[in-house]
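In: All I have is the shape, not the residue letters:
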């Protein structure tokens, strides 16, 4: 099962302060804007999303169909295929994507320790 690019999505208190902190660690802005209350920061192939006021807790994020540069992969497992596989293996879903459509979609699972894992396909 190919989950795609991995990043951590952090719920931050102050977007600008967090951006400046991660820039000191060598990250640079890859996407997002202050006006949209988020930035995606990149250091090599490591990705961190910082989000202000969008969700309460940190989220592990996978993007099927993308590499760490947000480039479309020639071969990938569609989000609906991943969702069906997890459901068939008894994994409870916190949210689901519509399995009757194609293209973008997302679903969420919660790990045994309460961490949210977002599978978020943009293509």
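Out: Ah, there it is. The shown structure was predicted, so the numbers you read here are calculated from the model rather than taken from an experiment. Numbers count the residues shown, from 1 in each chain.
In: Between the two ends of stretch 41-56, how far is it?
Out: End-to-end span of stretch 41-56 (CA to CA, to the nearest Å): 19 Å.
In: Give the buried residues for it.
Out: Across stretch 41-56, burial judged by 16 or more other CB atoms under 10 Å covers 41, 42, 47, 48, 49, 50, 51, 52. All C-beta atoms are positioned from the backbone trio N, CA, C, and that covers glycine.
In: among these, which are in strands?
Out: 41, 42, 47, 48, 49, 50, 51, 52 (DSSP state E).
In: how far away is the third one from residue 2?
Out: In this case it means residue 47. Residue 47 sits 17 Å away from residue 2, going by CB to CB, to the nearest Å.
In: likewise the fifth one?
Out: If you measure residue 49 against residue 2 using CB to CB, the figure is 20 Å.
In: got a pLDDT number for the residue nearest to residue 68 when sequence neighbours are not counted?
Out: With sequence-adjacent residues excluded and distances taken as CB to CB, 6 or more residues apart in numbering, residue 68 is closest to residue 45, at 4.2 Å. For residue 45, the pLDDT comes out at 93.
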